[in-house]
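Student: Structure, please.
(one chain, ligands or ions: 1)
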Amino acid sequence: MSAAVIERIDCRVYDFPTPEPEADGTLEWTSTTAVVVTLESGGATGLGWTYSAGAAAEIVIGKLAEVVHHRPVDELPGGWRDMRRACRNLESRGLVMQAVSAVDMAWWDLRARLLGVSLPALFGRCRARARVYGSGGFTTMDDRQLEQQVAGWRAAGCSAMKIKIGQSWGSAIDRDMARVRALRSFAGDDVELMVDANGAYSPGQARRVGSFLDDMGVTWFEEPVSSEDVAGLRVVRAAVRCDVAAGEYISDPAGTALLVDAVDCLQLDATRCGGFTGFLQGAAVAAAHNREVSAHCAPSLHAAVTSSVINLRNIEWFADHARLEPELVDGAPEVHDGHIAVADDVLGHGMSLRPEADRYLA
Ligand SMILES: [Mg+2]
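Tutor: Predicted coordinates:
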């Protein structure tokens, strides 16, 4: 193992169209781009990816490959440090960290495969499986589409479900409230309701909407205001009963430290915050502040790293990613009884690129 070096690094960009145009409170999209990294050593292939833009692939090939190539597989922490150092002049957050994240996860996967163990065995386990919540409910959906989506989540055993609100930058609050009522009627009284405004509201709007959400028994109010408005998050959190959550744009532990006291639950995204290495760092910062973490998007990748995270609340089973990940890879962990887990008998995270996914190559 100690002699094994990374012999080859490759990066490919896949573009998965959505079934129809989708939107949340502050963004519209028609496809999801996966930037996929593979690392090879000793006949094994490690696989990681980030949901980003094609530009992340240029960072992987143009900046990170020279740091990674020929590096001993055992030197993962040193490689993580040096990838960030190599990108200093690009600002080592945002797009750069999305690229670093994909490489880091491929590197962890490769290391586990060469050791002949699963990633949960390498990280260690504090639970056999993690709770997921159904996530989607785009503002572009009508009631019939939402009802169908909720029925799918119920069939999968989800005990919590999240929809998007804050439509058109907070300019359609009556519809936001109508959709929350619809969610309650479709989901039933035994399901935990969650909403995500994606930063659409002003602090005042968020307090008023939050009062309605409290009356509806909603327990999770995500990005009621922009995550850049940390003071605004604190104001909203002090005014509502539901938990305030944010953190999906965190790139590094410093970003975690800025946000952690302004939320009830900190969201971390391994495809953005530095891969599995960054996720574990962020979870440790949150633990130091007595906060739980919730894994944002990319459920197939988070199933592997969260096995060892003591202060984990749940994993987001995001509709776009739940749909595309089984098309991108073989061996994606499945949701059963509202939970997800990596099987014990796989190497690494157990996933491999599907040749059939080539038709989505950008
Ligand atoms: Mg969100």
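
Student: CA atoms for contacts and neighbours, from now on please.
Tutor: OK.

Student: helix or strand for residue 205, which one?
Tutor: Using DSSP states H and E, residue 205 maps to helix 203-215.

Student: just checking, what's the longest strand in the protein?
Tutor: strand 8-23 (DSSP state E).

Student: Quick one: neighbours of residue 216, just the number.
Tutor: Using other Cα atoms under 10 Å, residue 216 has 14 neighbouring residues.

Student: Could you check the pLDDT of it?
Tutor: The pLDDT attached to residue 216 in the predicted structure is 98.

Student: Now find how far off-centre the helix or strand bottoming out on mean pLDDT in the chain is within its chain.
Tutor: Lowest on mean pLDDT, DSSP states H and E among the helices and strands of the chain sits helix 253-259, with a mean of 93. Distance, stretch centre to chain centre, for helix 253-259: 17 Å (Cα atoms, centre = their mean, to the nearest Å).

Student: List the buried residues in that helix.
Tutor: The neighbour-count check on helix 253-259 (16 or more other Cα atoms under 10 Å) flags 253, 256-257, 259 as buried.

Student: May I ask you to confirm that residue 34 is in contact with residue 13?
Tutor: Yes - with contacts counted by Cα atoms under 8 Å, residue 34 reaches residue 13, the gap being 5.9 Å.

Student: intersection of neighbour lists for the two?
Tutor: Common contacts of residue 34 and residue 13, defined by Cα atoms under 8 Å, 6 or more residues apart in numbering, are absent altogether.

Student: So for those two, which residue has more residues nearby?
Tutor: Comparing residue 34 with residue 13 by other Cα under 10 Å, the one with more neighbours is residue 34, at 28 against 22.

Student: so which helix or strand takes in the more buried one?
Tutor: Here residue 34, judged by DSSP H and E, is contained in strand 28-41.

Student: Direction included, what does that strand pair up with?
Tutor: Using DSSP bridges, strand 28-41 pairs in its sheet with strand 8-23 (antiparallel), strand 44-51 (antiparallel).

Student: Go through those strands and pick out the most buried.
Tutor: Each of those was scored by mean neighbour count; the highest is strand 44-51, a mean of 26, by mean count of other Cα atoms under 10 Å.

Student: outside of the longest strand of the chain, which residues touch it?
Tutor: 28-41, 54, 57, 60-61, 65, 68-70, 138-141, 320, 324, 357-358, 360-362.

Student: now the helices for the stretch 151-300 of the chain?
Tutor: Per DSSP state H, counting those that start in this stretch, the stretch 151-300 of the chain carries helices over the ranges 167-170, 173-187, 203-215, 230-239, 253-259, 275-288, 299-305.

Student: For the longest one, buried residues please.
Tutor: Spelled out, that is helix 173-187. 173, 176-177, 179-180, 182-184, 186-187.

Student: Now do the phi/psi pair for residue 91.
Tutor: Main-chain torsions, residue 91, degrees, to the nearest 10: phi 70, psi 110.

Student: scratch that, residue 158 is what I was asking about
Tutor: phi -70, psi 130.

Student: ok, now which ones touch it?
Tutor: The neighbourhood of residue 158, defined by Cα under 8 Å, 6+ apart, consists of 132-134, 191, 337-339.

Student: With respect to residue 246, which of the residues you listed is nearest?
Tutor: Nearest to residue 246 among the contacts of residue 158, counting by Cα to Cα, is residue 133 at 15.8 Å.

Student: Give the partner strands of whichever strand or helix holds that closest one in its sheet and their orientations.
Tutor: Taking DSSP H and E as the criterion, residue 133 maps to strand 130-136. Its sheet considered, strand 130-136 pairs with strand 160-164 (parallel), strand 312-318 (parallel), strand 339-340 (antiparallel) by DSSP bridges.

Student: gap between that strand and the chain center?
Tutor: The answer for strand 130-136 is 11 Å, by Cα atoms, centre = their mean.

Student: Kindly report the same for stretch 281-300.
Tutor: Centroid displacement of stretch 281-300 relative to its chain, using Cα atoms, centre = their mean, is 11 Å.

Student: Ok, stretch 176-193 next?
Tutor: 24 Å.

Student: How about residues contacting the strand holding residue 133?
Tutor: 150, 153, 158-164, 303, 306-307, 313-320, 335, 338-341.

Student: Go again with 6 Å.
Tutor: 153, 158, 160-163, 314-319, 338-340 (Cα atoms under 6 Å, 6 or more residues apart in numbering).

Student: pLDDT averaged over it, what's the number?
Tutor: According to the model, strand 130-136 has a mean pLDDT of 98.

Student: What of stretch 173-183?
Tutor: Mean predicted lDDT for stretch 173-183 stands at 98.

Student: can you list contacts of it?
Tutor: Here stretch 173-183 has contacts from residue 165, using Cα under 6 Å, 6+ apart.

Student: one more time with 8 Å
Tutor: Contacts of stretch 173-183 (Cα under 8 Å, 6+ apart): 143, 146-147, 150, 163, 165-167, 193, 209, 212, 216.

Student: centre of the chain versus it, how much separation?
Tutor: Stretch 173-183 sits 25 Å away from the centroid of its parent chain (Cα atoms, centre = their mean).
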